[in-house]
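[1] Structure of the sequence below:
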Amino acid sequence: MRVTFSMAALLLAGSLALSCGNNAGDNEPQSEQKSDSMTQTAATGAIREEAVSYNVGDQTFKGYVAFDSASTAPRPVVLVVHEWWGLTDYPRMRAKQLAELGYLAMAVDMYGDGKTANTPDEAQQAAMVLYKDPQAAKARLDAALAKALSMPQADTGRTAAIGYCFGGSMVLNAAKLGAPFKGVVSFHGGLEGVPPQKNMRTQVLVCHGGADNFVPEAQVAAFKKSMDSAGAAYEFKVYPGATHAFTNPDADKKAAEFQMPIKYNGAADTASWNDMKAFFAKVF
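    So this is what the prediction gives:
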């Protein structure tokens, strides 16, 4: 069954989208690749980087995988879901950081064909398709997870996902809809979405800026109430003084360009990353 949001929720989603701070203009879409192939392989020290492609229906999606090639042991799989700008350098950087921690990390292409947005209008148009249809978004995450799990380095019994802004909303919705992750982490993501299933087994960590004007306190309270009512396991971390997009160093540039109340916060970035590491140590 297709799930849709109310017009008010979609307007809020648009505001959240405009606030995400990644610099899409500095990145070009990935080059064409054969479906379900691994190409454009690179190695940085022991961290191996691979561009991968996979299909959902007749559409091709182009992701990015990073893992420590010095180890032959299976390692947990973590998907990284981008901001509304698409799969730019920022989620790739986070995937490399996760690889350095010992995970097989895959930065996910949510839009297809490696599409990135150069303007807020382009980004909002792409993001709204998936805000309106959480089931379609989950199907794209399911396909990305299947691709990651097909790699010989993957520990198929230990999976998770993290997401930023738009991506945070996407991983929360996927968990609520029954995606088979051990845990998901939302960094400054929107909290409106589908209601959690009563049998939801995925554990959740929400990393939220205490000064995030795009996620009002009423939305926070409604999220907590819905999770409590479903008996869902979640942690909610608040970083005082942190605004929306607080983990992204490009947030200040976007704040100036679009007059948005967002700002990079190094202390909150570090604290939330450490909270994510502790969360993964628990769920894995």
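
[2] And the helices in the stretch 51-200 of the chain?
    Counting by DSSP state H, counting those that start in this stretch, the stretch 51-200 of the chain has helices at residues 89-100, 120-132, 134-149, 166-176.

[3] what's the least confident stretch among these?
    For the helices of the stretch 51-200 of the chain, mean pLDDT drops lowest on helix 120-132, to a mean of 92.

[4] Mind giving me the packing neighbours of it?
    Judged by 3 or more C-beta pairs under 8 Å, 6 or more residues apart in numbering; DSSP states H and E, helix 120-132 is in contact with helix 7-19, helix 134-149, helix 166-176. From N, CA and C alone the C-beta is placed, and that goes for glycine too.

[5] Out of the helices of the stretch 51-200 of the chain, which one sits most buried?
    Most buried of the helices of the stretch 51-200 of the chain by mean neighbour count (mean count of other C-beta atoms under 10 Å) is helix 166-176; its value is a mean of 28.

[6] Quick one: list the elements packing against that one.
    Partner elements for helix 166-176 (3+ C-beta pairs under 8 Å, 6+ apart): helix 7-19, strand 75-81, helix 120-132, helix 134-149, strand 154-164, strand 183-187, strand 203-209.

[7] mind checking which of the helices of the stretch 51-200 of the chain is nearest residue 64?
    With C-beta to C-beta as the criterion, residue 64 lies closest to helix 89-100 of those, at 5.2 Å.

[8] And the contacts of the closest one?
    With contact meaning C-beta atoms under 8 Å, 6 or more residues apart in numbering, helix 89-100 is reached by 22-23, 26-27, 44, 47-49, 64-68, 78, 80-83, 105-108, 162, 164, 167, 248, 250, 273.

[9] And the residue nearest the centre of the chain?
    residue 163 (2.0 Å; C-alpha atoms, centre = their mean).

[10] contacting residues around that residue?
    Listed by C-beta under 8 Å, 6+ apart, the contact set of residue 163 reads 80-82, 169-172, 184-187, 189.

[11] okay, the residues you listed in CSV with distance to residue 92 next?
    Formatted as CSV, those follow (distance: C-beta to C-beta, whole Å):
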residue, distance to residue 92
80, 8
81, 12
82, 9
169, 20
170, 17
171, 17
172, 22
184, 19
185, 17
186, 19
187, 16
189, 19
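
[12] Looking at those residues, which is nearest residue 255?
    Nearest member of the contacts of residue 163 to residue 255, counting by C-beta to C-beta, is residue 187, at 17.1 Å.

[13] do you know how far that closest one is from residue 146?
    The spacing between residue 187 and residue 146, counted by C-beta to C-beta, to the nearest Å, is 24 Å.

[14] can you check residue 106 too?
    11 Å.

[15] can you check residue 193 too?
    On the measure of C-beta to C-beta, residue 193 and residue 146 end up 23 Å apart.

[16] next one: residue 84
    24 Å.

[17] hang on, residue 105 packs against residue 80?
    Yes - counting by C-beta atoms under 8 Å, residue 105 touches residue 80, with 5.9 Å between them.

[18] ok, how many other residues are close to residue 154?
    22 (other C-beta atoms under 10 Å).

[19] correct me, but it touches residue 79?
    No - using C-beta under 8 Å, residue 154 is not in contact with residue 79, being 11.5 Å away.

[20] overlap in contacts of these two?
    By C-beta under 8 Å, 6+ apart, residue 154 and residue 79 have these common neighbours: residue 148.

[21] For the closest residue to residue 191 other than its chain neighbours, give me its contacts.
    Closest residue to residue 191 apart from its sequence neighbours, by C-beta to C-beta, 6 or more residues apart in numbering: residue 223 at 3.9 Å. Contacts for residue 223 (C-beta under 8 Å, 6+ apart) come out as 191-192, 206.

[22] Could you measure from residue 223 over to residue 113?
    Distance, residue 223 to residue 113, using C-beta to C-beta: 33 Å.

[23] and what of residue 153?
    Distance, residue 153 to residue 113, by C-beta to C-beta: 26 Å.

[24] One more: residue 47?
    For residue 47, the distance to residue 113 - C-beta to C-beta - is 26 Å.

[25] Same check on residue 173?
    Residue 173 is 23 Å from residue 113, by C-beta to C-beta.

[26] likewise residue 149?
    Counting by C-beta to C-beta - residue 149 and residue 113 are separated by 22 Å.

[27] likewise residue 212?
    32 Å.

[28] Between these two, which is the more surrounded one?
    residue 212 (26 against 14).
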